[in-house]
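Trainee: generate a structure from the sequence data that follows.
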Amino acid sequence: MRNRYHFSAKKGWINDPNGMIFAGGKYHLFYQYYPDDIKWGPMHWGHATSCNLSDWDEQETALFPDDLGMIFSGSAILDTENVSGFGSKEKPAMVLMYTSHDNEGPTEQQSIAYSTDYIHFEKYEGNPVIKNTPEMSGYKKDFRDPKIVKNTVIGGFTAVFASGDKIEFYHSDDLKNWEKTGEFLPGENGGFGELCECPDLFSLECDGKTYYVLLMSQAIDTSKRDDGHLKFFMQYFYGDFDGKTFTASEGCKKSGPLYPDFGPDNYAAVTFANMREAVMLGWAENWDYVNDTIATDYQGAMTLPRKVSLVETKEGKRLCFEVYVSDKTSLDVRKFSLNPGEKREVVAGKLSLEVTGDEIIVTRDKAFPAHVSGKLDEDAFHIFKSKRFIDGSSDVEVIVDEGLVEIFADGGLNVFTCRI
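Mentor: Take a look at the predicted model:
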């Protein structure tokens, strides 16, 4: 049965959320999309809009593959000063920046498209705006998923890229001409290295000071991890952005890897552009088994949007999350508190939550593999743990949908997204 609250396309395959932005009085959600099958295929950009972040209207496909390749992940920005010349100050253009992925090269180059009605998009005739081919000096095999942000430090725009095992930063004044300004290595700053994907950069206030958060998705060799997590996960860093590159705070480095979600089913999450608050949404699936699950007309869903804050805890600063929709009464919300040593079934026979003095433990019933691949017999696919950052009882909020559960424990400091 289709999820009631979590967005999925009416037909076809979806994965990474792309180009999320508030513009023209509506929230826009673009996404990796293959309309012709329920398995991953040549990537397009699908498009949906909402007035409340709960009810979504699918629009026509925004971007189709072209001579430069498939349309991989990217982002959107509103060009309010018309520096690109694609619109006007009275009618600013929405500019999409995406990765043109050509399997033949292989090449991953960066392109842009624009629109003034925010529905019909035209690709820039000067694409790619950042070239990257095997014969070029400095060629990068993995170079994708640009997230554009307005640069409030030095002006213009910054685009944050996943580039192999590092994050790269580029600057532009007109959204067409870009220059690299810096890079960040997660593996050398207390986090995990290896393949990075879908980065994001945004600022949050904490204790009267502005911090920047660098968020990314990763795929790594699980033999290099001892925390029981899966191959595909997300991590974040907090620190400073000087307008050219990001520097992680010392406290962030000492804490080791920091995770925005401790469950198995939240990947490629990024924040909406053009909003006063940081609101994040991700792909509620896992590459390890999404292609093994039974589906008919459609495959893939998104998490609910989550407001993000940065708070001080006994373990240092941590991201904290809460569901961000205009009317939570329309959701199946279950609230309760658990003391250390207590355990409770969240969904009978399918999902349980346990609180200890040090950990939150979520257990997904082993019945889950009955309709997916047998490889999911491993405990790593069913038992999910997070370290607690507060003492005492845990305030829990659970959102239950037909095939997806989002758990916000310890007031949103420990979040788990789980398919059931």
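
Trainee: tell me where the stretch 251-400 of the chain has strands.
Mentor: 267-271, 279-283, 298-299, 306-313, 316-323, 333-338, 343-347, 351-355, 359-364, 383-387, 394-400 (DSSP state E, counting those that start in this stretch).

Trainee: tabulate the ones you listed (TSV), appending mean neighbour count.
Mentor: The way it works is simple: take the backbone N, C-alpha and C, and place the C-beta from them, glycine included. Formatted as TSV, those follow (neighbours: other C-beta atoms under 10 Å):
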stretch	mean neighbour count
strand 267-271	26
strand 279-283	24
strand 298-299	20
strand 306-313	18
strand 316-323	20
strand 333-338	14
strand 343-347	15
strand 351-355	21
strand 359-364	21
strand 383-387	19
strand 394-400	20
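
Trainee: got TSV for those strands, with distance to residue 100 and mean pLDDT too?
Mentor: Output for the strands of the stretch 251-400 of the chain, formatted as TSV (distance: least, C-beta to C-beta, whole Å; pLDDT from 0 to 100):
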stretch	distance to residue 100	mean pLDDT
strand 267-271	18	98
strand 279-283	21	98
strand 298-299	24	93
strand 306-313	30	97
strand 316-323	32	96
strand 333-338	41	95
strand 343-347	42	92
strand 351-355	40	95
strand 359-364	38	94
strand 383-387	36	92
strand 394-400	36	96
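
Trainee: CSV for the ones you listed, including distance to residue 230?
Mentor: As requested, those are arranged in CSV below (distance: least, C-beta to C-beta, whole Å):
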stretch, distance to residue 230
strand 267-271, 10
strand 279-283, 14
strand 298-299, 19
strand 306-313, 20
strand 316-323, 20
strand 333-338, 25
strand 343-347, 20
strand 351-355, 17
strand 359-364, 12
strand 383-387, 9
strand 394-400, 21
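
Trainee: between those, which gets nearest to residue 6?
Mentor: When the strands of the stretch 251-400 of the chain are ranked by proximity to residue 6, the top entry is strand 394-400, at 9.0 Å, counting by C-beta to C-beta.

Trainee: just checking: what are the partner strands of that closest one?
Mentor: Each strand paired with strand 394-400, and its direction, by DSSP bridges: strand 333-338 (antiparallel), strand 404-409 (antiparallel).

Trainee: relative to residue 261, which of those is closest?
Mentor: Proximity to residue 261 (C-beta to C-beta) singles out strand 404-409 among those, at 9.1 Å.

Trainee: each with direction, which strands does whichever helix or strand comes after the closest one pair with?
Mentor: Sequence-wise, the next helix or strand beyond strand 404-409 is strand 414-419, with elements assigned using DSSP states H and E. Partner strands for strand 414-419, per DSSP bridges, with pairing direction: strand 404-409 (antiparallel).

Trainee: convert the strand it pairs with to CSV, retaining C-alpha atoms only.
Mentor: C-alpha atoms of strand 404-409 as CSV (Å, rounded to 0.1, in the frame of the first residue of the first chain):
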residue,chain,number,x,y,z
LEU,A,404,7.8,3.8,6.7
VAL,A,405,8.5,4.9,10.3
GLU,A,406,10.3,8.0,11.5
ILE,A,407,11.4,8.0,15.1
PHE,A,408,12.6,11.2,17.0
ALA,A,409,14.0,10.1,20.3
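
Trainee: and the angle from that strand to strand 351-355?
Mentor: Relative orientation of strand 404-409 versus strand 351-355 (axes from the mean of the first three to the mean of the last three C-alpha atoms, to 10 degrees): 10 degrees.

Trainee: so what touches strand 404-409?
Mentor: Judged by C-beta atoms under 8 Å, 6 or more residues apart in numbering, the contacts made with strand 404-409 from elsewhere in the structure are 3, 6, 263, 265, 284, 301, 303-304, 321-323, 346-347, 351, 353, 355, 360, 362, 386, 394-399, 414-420.

Trainee: buried residues in that strand, which are they?
Mentor: If you call a residue buried by 16 or more other C-beta atoms under 10 Å, then strand 404-409 has these buried ones: 404-409.
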